[in-house]
Every structure is written in C-alpha cells, then in structure tokens.
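Enquirer: no sequence on this one, just coordinates:
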C-alpha cells in the first residue's frame, strides 16, 4: 500500500499536513516500524494510524487515499495537482491566486482492492510497464493543463482558508479553465540519467508565477532545494543534462562540487568593471524574476490561524461526493487498514475521527472492526493534553460551511467512456476459430484497444503468435477477456483450472467478458458452477451485465457489443458477487 500512498500523494490536490515541520513525523510514522522493520510496503500498521488519528488535519487526505483514486487503473488515468495555492502575476503586476490541475484525456479509472493486491504479486512493475508500453506504441498519455483563478479580493469569500494545503477549491465554486495539453511522446533512453536524476524544486520559478504564504509551501521552498543539494551531490546539480535549462543561463556561479561549465574571464562578481558590469541581475523589464510585493501587516508569529482549524468539512464533502459503490470501497479500505492495527485504542480513536466526517462511514468501519459507537476521542496514553487550541485535535470543533457535495470528485460519476489502450486477453488453445479471432482483433485494434493472445502454451498456436502463456499471467493484468469458438480449443481450456479462474476473476472484478461459438458454453458453465447463474438463460449472460454471449451472431456484431461493454470500464452492479471457486 505504501507505493499507492506515494503515488496518491503527488496526484491529490491537498496534503496530509499543514506545516512542513511535521514532514519528518509523517514519514517516520509511515515507514516500517523501527523495532522490527515491518511492514515493508503498506500503511496498514499501528504507527501510521496512530499518527493520523492524532493529526486530524489529515482527515481530508485519508478520504482520498482510502478511495478508488489511490488505486488507479493506470498512471495515465490519474489527475495531477499543484497541491498548493500559487500566484499568477500579469504584466501590470496584478496578482491572482491560482491552483494548477492536470486532467487525463483518457479520464479517471480505478481498479478494485482485490485486484491491486493480486497485481502486486503478478507484476510488481505493472504501472511502469503500462506507461512504457503505451508511450512506445504511439499511444502516449495526454493531460490537459487547467487553472482555477481567484482574485485577491475574493481570498476570504470561501468557507475555508485558501492557503491551507489540506484543502481544495471545489470546481463548482471556481471552474477550471483549460490552457493547454501535455503529451508524453517518448520514453527515456536511460532511466537513471533522465529520471532518477531529475530535480524538481518549488523554488525554481519563472516570471509570472510566485509563491504564497501557504506554510507548507514555505517549508518546501527550503527543503526541496536542500534535498537536491544532498541527493545529487552538490550545488551544481542543475548542470546535469536532464536538469539543465534549455535557455542559456548567465550568472556568477563559478565553483563548487561537480562544476562542468567552463566560464572565461576574471570577474565573477557584481558589481564589476573588469567584465563590463556583466553578468548582472535582470530586472522586470528584461524578463527577470521579481517577487510579488505583498503588503504585510500585523505581528509575525509561528502559529496557524483559526481558519486552519477546520479539519473535517472537506473530508465530509469528499465522502458525500462519492457514489454508493465508491463509499463502500472507502469503508472496506479503512476496515482493512485499521484491522491490521494491533492496539485497540488506535482503532477506536480513528473511528472516533471518522465520526466527525460522517456517521454512516464511521458505523460501516466500526461494524467491521467490532467497535461500539459512539467513540469518545481522548488523548493518547502517557501524554499531557495541551490546554488551548491544540486540544482540538482530540475533541474537534464543528466545521465551517463548505459545499455538501462536489460531483467532480467522483470517479464513477465522471466516467469517460472508451477502450483506447485497454488490454484484452483472447484466451485460446489449439483448434480455436481463427475467423472469429481475426475479426475480433481487427475490431478491437480499430477502436484503439490492445488485444493479446493468451494460450495454454507459449510459442505459436494455430499459426498465430502467443503473447502470453496462461501460466505466466493473471486476469488482473487485463481489462477484459474474449473466448472464441473452436471445439478443440474449448475442450482444452476446460482441462485447465487456470482458464476457468481467469473467467471467474474477470467477472468478480466487474470487467467485460465476451464469448462466441463454443466459447459461450464454456463461460456459461464457469459462471453456473461458481453459483453466479443458475442456467444458461439467466440475465447474468447479457450485454447489460457486461457479459456478451453469442453462439451464432456475426463476429462484427459481437465485437461491437463487446467494445460497448468495455467502454463503460466496469459493470459495478457485479461488485458484491460471491463466487464458489473450486
């Protein structure tokens, strides 16, 4: 789960924490516990949830991480965010607040938790491989860049603090304006040189964009540069090819570890007369960076304003914005995570936090953990509870007004239909119906899908190249499955329990299934034996249920129905299906 947490942390619009000083605590809590170095790769353990239950500012982030957004179908199907509120400054020097967004052209799509667990075992490189293959095939992912712009005069019109990094601006309040599109059109030639050595710094700004007084951003302005200095070996990390500016950079930096640029001349300071006064700092008229002259009034203290003490309103808004299926997924994820905690008081304290978000959410999680409601939040053992404002983390106050729902936050509610880059397993053995398979491959390819031959053995099958032998792959690595006719092929598949399991797991995970000719009987038999259907005429075997069955229809008509079923991503009414798998 840790990998998914880190992926989610860079793709979500808000943070775990409000103050950078808590970064070490967050990471220490998330890492393997120091006394046994366990768990290596998941957040389902006591130290993480102990921290979260006592840091209620993380409530909003936890809703995102426990939702379907944290288990994406692909890195290509994730939204991206700038997290913080930045400034945009026009040529006249007028400043506006801005939030940056990346919207995937393919839309947002997720997988099920059961799939995520099995994918990790079947192919630990699933996401990296998926991204690499899509780019390599010419179907590079695209994101549209959008902004939410807020006039300075409107900074305080919202029911939350615009500079609070644990909050987002609901799209219904400030619509996103699309500005352009980014396409990943090539893979790195060398991943270490072009990926591992990339240095991103919040402090690397261009004229027209500036920072705000977001306290977490202010911490990152220092810490990210400091990180690159130590991670990449010294002050000249910006001279590595992958980090080097495309435009020439002229400055007075001459020395330092790993310096590669050779500068002529004897003057490396400003002001100077020996070098004709050059180089000197460029002003605004020359296109140089100039910090926004923000007026400041009042006492400077190390504290967060009262407007930062609302920890739950947007967590509630996020939960309310999900469809019932997505809400159930959040409940199941929290049951799994908290069920792994050894200490009852941590589970109880976390359920008490969930009560502040939504009563039904808390009850769903509590029922799964065997906890009685209501839970009274109390301080951790062996700790003095601070008197004043800090006590809010244990007995949270009521939230400020926020929209009750933001429909844009739901994945299922914002489905982008389509089959482009979707992988389809064509399950065959010797003796399959070549005509049906060729037609299906042609139709799927024309629609942008990626058909793959999965056979009971490797090499060639009836003159067609096998992409995967059945014993090397699992259904979770594909978006849909097609089983063609061919009496000999189906007879062989019936002898392989892995083939039946392939069909059953595809059904369990709500993906499209298609079968024609004798393949139709094979699928029907699998689902009837598993207790999903009682007979071949059951409504389970219908395109509306994501199962396209045909014994005599024309191959193109079958393919069209299959592609339509796939385009809906999942048939969610099957999500509660219980299977009998022998």
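Expert: Cool, the structure landed. Quick caveat, the model's predicted, so the values are computed rather than measured. Residues are numbered from 1 along each chain as shown.
Enquirer: how far does the helix or strand containing residue 368 sit from the chain's center?
Expert: When secondary structure is defined by DSSP states H and E, residue 368 falls within helix 359-369. With C-alpha atoms, centre = their mean, to the nearest Å as the basis, helix 359-369 stands 25 Å off its chain's centre.
Enquirer: In a strand, residue 327, correct?
Expert: No. Assignment of residue 327 by DSSP: H, G, I helix; E, B strand; the rest coil gives helix, placing it outside any strand.
Enquirer: Relative to residue 233, how far out is the nearest residue to residue 234 once chain neighbours are set aside?
Expert: Residue nearest to residue 234 in three dimensions, not counting chain neighbours: residue 257, with 3.2 Å by C-beta to C-beta, 6 or more residues apart in numbering. From N, CA and C alone the C-beta is placed, and that goes for glycine too. For residue 257, the distance to residue 233 (C-beta to C-beta, to the nearest Å) stands at 6 Å.
Enquirer: As a check, name the ranges of all strands in the chain.
Expert: Secondary structure of the chain (DSSP state E): strands located at 80-81, 86-89, 95-104, 142-151, 177-183, 209-210, 423-428, 450-455, 460-461, 464-465, 468-469, 480-483, 512-516, 547-550.
Enquirer: And the helix holding residue 368, what does it pack against?
Expert: helix 324-339, helix 344-357 (3 or more C-beta pairs under 8 Å, 6 or more residues apart in numbering; DSSP states H and E).
Enquirer: which residues are contacting the shortest one?
Expert: To tie it back to what came earlier, the one meant is helix 344-357. For helix 344-357, the external contacting residues (C-beta atoms under 8 Å, 6 or more residues apart in numbering) are 46, 49-50, 52-54, 56, 59, 63, 311-312, 315-316, 319, 334, 338-339, 341, 361-362, 365-366, 369, 371, 373-378, 380-381, 396.
Enquirer: Output the below-cut-off pLDDT ranges for the stretch 251-400 of the chain.
Expert: 377-400 (pLDDT under 70).
Enquirer: Can I have the buried ones of the contacts of helix 344-357 as a ChimeraX selection?
Expert: To isolate the buried members of those in ChimeraX, using 16 or more other C-beta atoms under 10 Å:
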select :46,49,50,52,53,54,56,59,63,311,312,315,316,319,334,338,341,361,362,365,366,369,371,375,377,396
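Enquirer: what residues go with each domain of the chain?
Expert: 2-248, 312-408, 417-574 (automatic domain parsing).
Enquirer: and these, which is most packed in?
Expert: Of these, the one with the most neighbours on average (mean count of other C-beta atoms under 10 Å) is domain 417-574, at a mean of 20.
Enquirer: Report the mean confidence score over that domain.
Expert: Throughout domain 417-574, pLDDT has a mean value of 95.
Enquirer: And stretch 140-148, by the same measure?
Expert: pLDDT averaged over stretch 140-148 gives 97.
Enquirer: Please state the offset of that stretch from the chain centre?
Expert: 15 Å.
Enquirer: let's number from 52 now, not from 1
Expert: With 52 as the first residue, the last one maps to stretch 191-199.
Enquirer: who's in contact with it?
Expert: Contacts for stretch 191-199 (C-beta under 8 Å, 6+ apart): 125-127, 131, 139, 149-157, 182, 185-186, 220, 222, 225-237.
Enquirer: Likewise for stretch 134-147?
Expert: The contact list for stretch 134-147, computed with C-beta under 8 Å, 6+ apart, reads 63-66, 148-151, 198, 200-203, 213-214, 216, 253, 258-263, 265, 267-268, 271, 343-345.
Enquirer: My understanding was that residue 262 contacts residue 269; is that so?
Expert: Yes. With contact defined as C-beta atoms under 8 Å, residue 262 reaches residue 269; the gap is 7.4 Å.
Enquirer: show me what contacts the closest residue to residue 358 other than its chain neighbours?
Expert: With sequence-adjacent residues excluded and distances taken as C-beta to C-beta, 6+ apart, residue 358 is closest to residue 212, at 3.8 Å. Applying C-beta under 8 Å, 6+ apart, we find residue 212 in contact with 218, 356, 358, 359, 361.
Enquirer: Can you list phi and psi of residue 212 for me?
Expert: phi -80, psi 120 (degrees, to the nearest 10).
Enquirer: What of residue 568?
Expert: Per-residue torsions, residue 568: phi 60, psi -140 (degrees, to the nearest 10).
Enquirer: re the thing from before, Serialize the domains of the chain to CSV and add fields for distance to residue 352.
Expert: Shown next, in CSV, are those (distance: least, C-beta to C-beta, whole Å):
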stretch, distance to residue 352
domain 53-299, 12
domain 363-459, 13
domain 468-625, 50
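Enquirer: So which of these is nearest residue 338?
Expert: With C-beta to C-beta, the closest approach to residue 338 among the domains of the chain belongs to domain 53-299: 6.1 Å.
Enquirer: mind checking how far residue 122 is from residue 323?
Expert: 58 Å.
Enquirer: re earlier: for the residue nearest to residue 285, grab the count of nearby residues.
Expert: By the criterion of other C-beta atoms under 10 Å, residue 308 has 11 neighbours.
Enquirer: quick one, what contacts it?
Expert: Contacts of residue 308 (C-beta under 8 Å, 6+ apart): 284, 285, 286, 287.
Enquirer: now for these, which pair is the farthest apart?
Expert: Longest span within the contacts of residue 308, C-beta to C-beta: 284 and 286, 9.1 Å.
Enquirer: okay, how far is it across stretch 401-419, tip to tip?
Expert: The straight-line separation of the ends of stretch 401-419 (C-alpha to C-alpha, to the nearest Å) is 13 Å.
Enquirer: now that stretch, how far from the chain's geometric center?
Expert: With C-alpha atoms, centre = their mean, you get 24 Å for stretch 401-419.
Enquirer: Ok, stretch 182-193 next?
Expert: 18 Å.
Enquirer: can you map out the helices along the stretch 402-551 of the chain?
Expert: Ranges of helices within the stretch 402-551 of the chain are 410-420, 485-497, 538-544, 548-559, based on DSSP state H, counting those that start in this stretch.
Enquirer: which residues sit against the longest one?
Expert: Same thing as helix 485-497. 470, 475, 477, 479, 501-502, 513-515, 533, 535-537, 565, 567-568, 606-607, 609-611, 613-614.
Enquirer: Would you mind measuring from residue 560 to residue 166?
Expert: Residue 560 is 5 Å from residue 166, by C-beta to C-beta.
Enquirer: intersection of neighbour lists for these two?
Expert: residue 527.
Enquirer: Take the helices and strands packed on helix 410-420 and write them to a markdown table, including distance to residue 541.
Expert: A markdown table is the format used below for the helices and strands packed on helix 410-420 (distance: least, C-beta to C-beta, whole Å):
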| stretch | distance to residue 541 |
| --- | --- |
| helix 375-390 | 34 |
| helix 395-408 | 49 |
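Enquirer: For residue 301, which of the ones you listed is the nearest?
Expert: Once the helices and strands packed on helix 410-420 are compared by C-beta to C-beta, helix 375-390 is nearest, at 52.0 Å.
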